[in-house]
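Colleague: have a look at this prediction, sequence included:
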Amino acid sequence: MKKEDFTAEEWQTLFNAPSMAGLAVTAASPSGPIGVMKEMFSVGMSLADLVKKKSDNTLIQALVEDVKKRGTKPKKPENVKNMEEVKTYALQQLQTAADILDKKNAGDEGEEFKSWLIDISQRTAEAAKEGGFLGFGGERVSSEEKAALNEISAILKG
């Protein structure tokens, strides 16, 4: 599939989806300013990995090319008051992305795109430890993040 196979609004939703996959996990269990930075940095690293690997998936290739042109500036959630609302917004955006791919009969490329989003969310969850003190102790993935990962998987594998 190519960018031209989607309306501008559909493409923007797909373009934002990698950031939303990371944001849903980060919002589920914010781990302080440095942890949040690490988690959101992992989203960018996932995109960078794709650039290096040169995916055969034309949908992902089109997204990567668009990211190269305009950077990763996702649409900001509007009228959100707390992190739970941010998480809800991000999950809704992922559901919309999944619906678009299903509606367009994206097939294997769509499924690979969804799997990639799940991978981004997993990498985001593992990017910073939760709890602990001064980097000692804590857990790699919090129970809140695990719950968010389950929600993301249910949406994208649905």
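Modeller: Arrived safely. Residues are numbered from 1 along each chain as shown.
Colleague: go ahead and confirm residue 118 touches residue 158.
Modeller: No: applying C-beta atoms under 8 Å as the test, residue 118 and residue 158 come out as separate, 11.7 Å apart. All C-beta spots, glycine's among them, are computed from the backbone N, C-alpha and C.
Colleague: who's more crowded, these two?
Modeller: For residue 118 against residue 158, the residue with the higher neighbour count under other C-beta atoms under 10 Å is residue 118, and the figures read 17 against 10.
Colleague: dump the residue contacts of that one.
Modeller: Neighbouring residues of residue 118 by C-beta atoms under 8 Å, 6 or more residues apart in numbering: 21, 149, 152-153, 156-157.
Colleague: please indicate which of these are buried?
Modeller: Neighbour counting over these (16 or more other C-beta atoms under 10 Å) leaves 21, 149, 152-153, 156 as the buried ones.
Colleague: would you map the strands across the protein?
Modeller: Counting by DSSP state E, the chain forms no strands at all.
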